[in-house]
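[1] take a look and give me a structure for this.
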Amino acid sequence: MHFHPNWRAAGSYPQRSFAIFVNSVGASAVRRVRTLFVLVGYRGDVNRALSQLRRKFADKEYDFLAQTYPEIWTKRQNYIKAIGDRVIKYIFGETATNFCRSQHLPCAADNAGETRRNNTLCKLSHQNLACHRARPGMLVFVVHPAVFEQTFQRFGRAALLVNYDAASLDDVGSLVSFIHSKSPHIESVRIFLANLRNSVLAPRIPKRNFQDAVNQCIARDAQSDLGCFAEVMNSYHVTLYDSSFQNPRRKETRGAYVFDDRIRFQRDRLHRTAQIGNESRRDVFHLINAFHLYGFAVEPGFHFDVMSVGGDRLNRIFQDILTGQSSSPGDKHVNVSPCDRLL
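    You can find the predicted model right below:
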């Protein structure tokens with residue numbers, strides 16, 4: 001068995017703990033992270049803060065990433081994307097855009113000797129994939145107020161965002177107390193999203209092509225007080241869901257979310273492909289958004305059917321967040337993913 005004691009995740013930050021296992025592709029060292037905290041917008045020596053945070057939370061499956069906020073103004077314009085790139089490298093490694101297995105499948109490392117029969121043979125050896133077992137279960141951004149709006153515009157539906165007002169991370173004790181105070185709320189959000197019923201899809205409503213387009217501030221309101229996250233989401237479901245709506249093409253399919261007086265967003269089935277690849281990785285934001293729902297790790301593929309009440313022309317333009325491609329006002333039907341891709 002070969003163990004790499006100096007293994008490092010993207011961002012050159014050493015990992016706190018490993019689970020050692022041997023599988024069909026040989027021995028590996030795998031981190032186990034329940035929550036990845038990303039510290040955004042802070043000046044000073046962030047590496048020192050990261051080291052202290054890992055020691056303080058050594059008894060928990062937490063890990064931390066950070067990048068110093070630039071003092072030079074011209075370097076700040078790419079800062080949020082640089083944060084996203086660091087997150088991608090941590091989760092996906094240098095080149096991957098997907099994982100070795102789906103969430104419903106067991107890990108090959110836990111099924112030694114039965115991998116072929118149970119269809120859990122690890123695929124990491126021959127495909128460009130990231131290890132699902134090493135994937136953080138929650139992604140939480142701890143954000144300085146000065147960059148909160150920039151961060152929210154890019155990650156407002158992907159990561160779980162919390163405001164922490166400190167010029168630097170020199171006072172690690174205060175940050176530790178802050179994280180302790182937020183942890184119960186973060187866990188309640190995780191539980192809510194992990195048990196999200198198919199009939200309550202307000203958390204999945206696209207941000208740009210629905211929330212921003214008609215000023216329904218679902219993402220902002222739900223994260224303004226994490227203790228009320230589930231309540232806010234359920235409230236938006238009650239407000240926006242039209243249970244009497246009937247799909248004009250499939251009469252047996254009922255219920256949809258109200259975009260305006262004419263247009264409805266109706267849940268549709270998962271697809272085997274979710275249009276994720278190198279273009280998503282280069283964009284940075286889309287790859288994170290596709291695999292996370294308010295920080296909770298999800299599998300992409302779900303989408304909404306967008307149609308008018310009478311089945312006629314939408315007379316509305318929707319835009320793909322990755323390619324910039326727009327739908328036509330004459331379209332009678334558009335597929336939109338929760339992360340704002342046109343399918």
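[2] would you map the strands across the stretch 201-343 of the chain?
    241-246, 254-258, 263-268, 292-293, 296-297, 303-308, 333-336 (DSSP state E, counting those that start in this stretch).
[3] what residues are up against the residue nearest the centre of the chain?
    For the chain, residue 292 is the residue whose C-alpha lies nearest the centre (C-alpha atoms, centre = their mean; 1.9 Å). Contacts for residue 292 (C-beta atoms under 8 Å, 6 or more residues apart in numbering) come out as 139, 158-159, 298. C-betas here are computed from N, CA, C, even on glycine.
[4] of those, which belong to strands?
    residue 139 (DSSP state E).
[5] between the strands of the stretch 201-343 of the chain, which gets nearest to residue 198?
    Among the strands of the stretch 201-343 of the chain, the nearest to residue 198 by C-beta to C-beta is strand 263-268 (7.1 Å).
[6] can I get the buried part of the contacts of residue 292 as one ChimeraX selection?
    The buried residues among the contacts of residue 292 can be selected in ChimeraX (16 or more other C-beta atoms under 10 Å) with this line:
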select :139,158,159,298
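[7] count of residues packed around residue 73?
    Residues near residue 73, counting by other C-beta atoms under 10 Å, number 7.
[8] for residue 295, grab the count of nearby residues.
    25.
[9] same thing with the one 4 residues further on?
    A count of neighbours around residue 299, defined by other C-beta under 10 Å, yields 15.
[10] quick check, pLDDT for the closest residue to residue 288 other than its chain neighbours.
    Closest residue to residue 288 apart from its sequence neighbours, by C-beta to C-beta, 6 or more residues apart in numbering: residue 158 at 5.0 Å. You'll see residue 158 listed with a pLDDT of 96.
[11] picking that back up, need the strands of the stretch 201-343 of the chain in a markdown table with distance to residue 99, can you?
    Putting the strands of the stretch 201-343 of the chain into a markdown table (distance: least, C-beta to C-beta, whole Å) gives the following:
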| stretch | distance to residue 99 |
| --- | --- |
| strand 241-246 | 32 |
| strand 254-258 | 29 |
| strand 263-268 | 23 |
| strand 292-293 | 13 |
| strand 296-297 | 9 |
| strand 303-308 | 20 |
| strand 333-336 | 23 |
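[12] any idea which of the ones you listed gets closest to residue 123?
    When the strands of the stretch 201-343 of the chain are compared (using C-beta to C-beta), the closest one is strand 296-297, at 18.2 Å.
[13] so which elements touch that closest one?
    Applying 3 or more C-beta pairs under 8 Å, 6 or more residues apart in numbering; DSSP states H and E, one finds that strand 296-297 makes contact with strand 138-143, helix 172-194.
[14] contacts for it?
    103, 135-139, 160, 189-190, 193-194, 291.
[15] in ChimeraX, how would I select the buried members of those?
    To isolate the buried members of these in ChimeraX, using 16+ other C-beta under 10 Å:
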select :135,136,138,139,160,189,190,193,291
